[in-house]
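Undergrad: only geometry, no sequence info:
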Ligand code: DGL
């Protein structure tokens, strides 16, 4: 398909874990990212607020002339997907179904844990999707509202003692619960993978949607099939200050040369 970029958005930094996989799997694609750090976290907001933010994020993405949009945010995917699909005429990919499918494939006991923001867990989107795929599976869910602010605060906290204690606080009830797989139902959580794995024990498989969604994109008609060997461009936008966002983008993407711009999302 055409050279237009693929748009990817999230409430903040988390969606960069999705962008990272997409860039690794289909490096020739041009990518535009928007992180709404000024208004993060989304996961503690009302459904109406999440829909309003998501519509503004979508309009901003469309202003960049994208050919498809990846909602790299579980909170938006679980609370606003239907409204987005009804409102906008562009291919949209969400993160709940690829994450659920990957979780079920990984699980042998078919007893699966799901962690996410309060809004994602309250929506029951994962449980509904998992049961749709396998009506006999058992799903245990838990919201972990402090994880997103911990990630947004900065890289020095990701593997810190505070993060370890927070993970233990949220996850102790999953230990000995029979789950063999834990779905990281928030795109920020892969950045806390070390402390989450430590709290759960090595035998529990951690799953995030990033790889599955990148694979889905790769096999879709959305991407151009003539990767010339040159990497596509990555343009990053944030609604908050660049001085805080830029170093964290560099850390997550492992790149020094990044273009990051600030945008007033309320104008969209
Ligand atoms: N990273 C997002 C998610 O996957 C949003 C987290 C938030 O802003 O609360 O849900």
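TA: Done, it's in. The structure presented is a predicted model; accordingly, all values stated were derived computationally and were not measured.

Undergrad: Can you classify the closest residue to residue 174 other than its chain neighbours by secondary structure?
TA: Among residues not flanking residue 174 along the chain, residue 113 sits closest, at 5.0 Å (Cβ to Cβ, 6 or more residues apart in numbering). For glycine as for every other residue, the C-beta is placed from the backbone atoms N, C-alpha and C. Of the three states, residue 113 takes strand under DSSP: H, G, I helix; E, B strand; the rest coil.

Undergrad: Let me know whether residue 113 touches residue 178 as I believe.
TA: No - assessed by Cβ atoms under 8 Å, residue 113 is found out of contact with residue 178, at 9.4 Å.

Undergrad: So for those two, which sits in the more crowded spot?
TA: Legend: neighbour count by other Cβ atoms under 10 Å for residue 113 and residue 178, higher for residue 113 (28 against 12).

Undergrad: ok, now which ones touch the more buried one?
TA: Counting by Cβ atoms under 8 Å, 6 or more residues apart in numbering, residue 113 touches 139-142, 174, 177, 179, 181-183, 204.

Undergrad: can you check residue 15 too?
TA: Going by Cβ under 8 Å, 6+ apart, the list of residues near residue 15 reads 8-9, 33, 35, 70, 72-73, 187.

Undergrad: mind giving me TSV with those residues and columns for pLDDT and secondary structure?
TA: Shown next, in TSV, are the contacts of residue 15 (pLDDT from 0 to 100; DSSP: H, G, I helix; E, B strand; the rest coil):
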residue	pLDDT	secondary structure
8	98	strand
9	98	strand
33	98	strand
35	98	strand
70	98	strand
72	98	coil
73	98	coil
187	97	coil
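
Undergrad: Same list (those) but as a markdown table, adding neighbour count and distance to residue 56.
TA: What follows is the contacts of residue 15, written out as a markdown table (neighbours: other Cβ atoms under 10 Å; distance: Cβ to Cβ, whole Å):
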| residue | neighbour count | distance to residue 56 |
| --- | --- | --- |
| 8 | 29 | 15 |
| 9 | 27 | 10 |
| 33 | 30 | 15 |
| 35 | 29 | 13 |
| 70 | 29 | 17 |
| 72 | 30 | 16 |
| 73 | 34 | 13 |
| 187 | 33 | 19 |
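
Undergrad: just checking: which of those also lie near the ligand?
TA: 73, 187 (Cβ under 6 Å from any ligand atom).

Undergrad: Now residue 170: closest residue in space, sequence neighbours ignored.
TA: residue 144 (4.4 Å).

Undergrad: Assess the claim that the one you found and residue 114 are in contact.
TA: No - using Cβ under 8 Å, residue 144 is not in contact with residue 114; the gap is 10.5 Å.

Undergrad: tell me which residues in the longest helix that the chain contains are buried?
TA: In the chain, assigned by DSSP state H, the helix with the most residues is helix 47-63. By 16 or more other Cβ atoms under 10 Å, the buried positions in helix 47-63 come out as 50-51, 53-58, 60-61.

Undergrad: Please apply the same query to stretch 155-166.
TA: 157-158, 160, 163-164, 166.

Undergrad: Kindly indicate which of these lies nearest residue 90.
TA: Checking the buried residues of stretch 155-166 against residue 90 by Cβ to Cβ gives residue 158 as the nearest, at 33.4 Å.

Undergrad: so what's the residue nearest to residue 170 up against?
TA: Residues counted as contacts of residue 144 (Cβ under 8 Å, 6+ apart) are 115-117, 166, 170-171, 186, 189.

Undergrad: residues from the stretch 101-250 of the chain in reach of the ligand?
TA: Residues of the stretch 101-250 of the chain lying close to the ligand by Cβ under 6 Å from any ligand atom are 117, 120, 148, 186-188.
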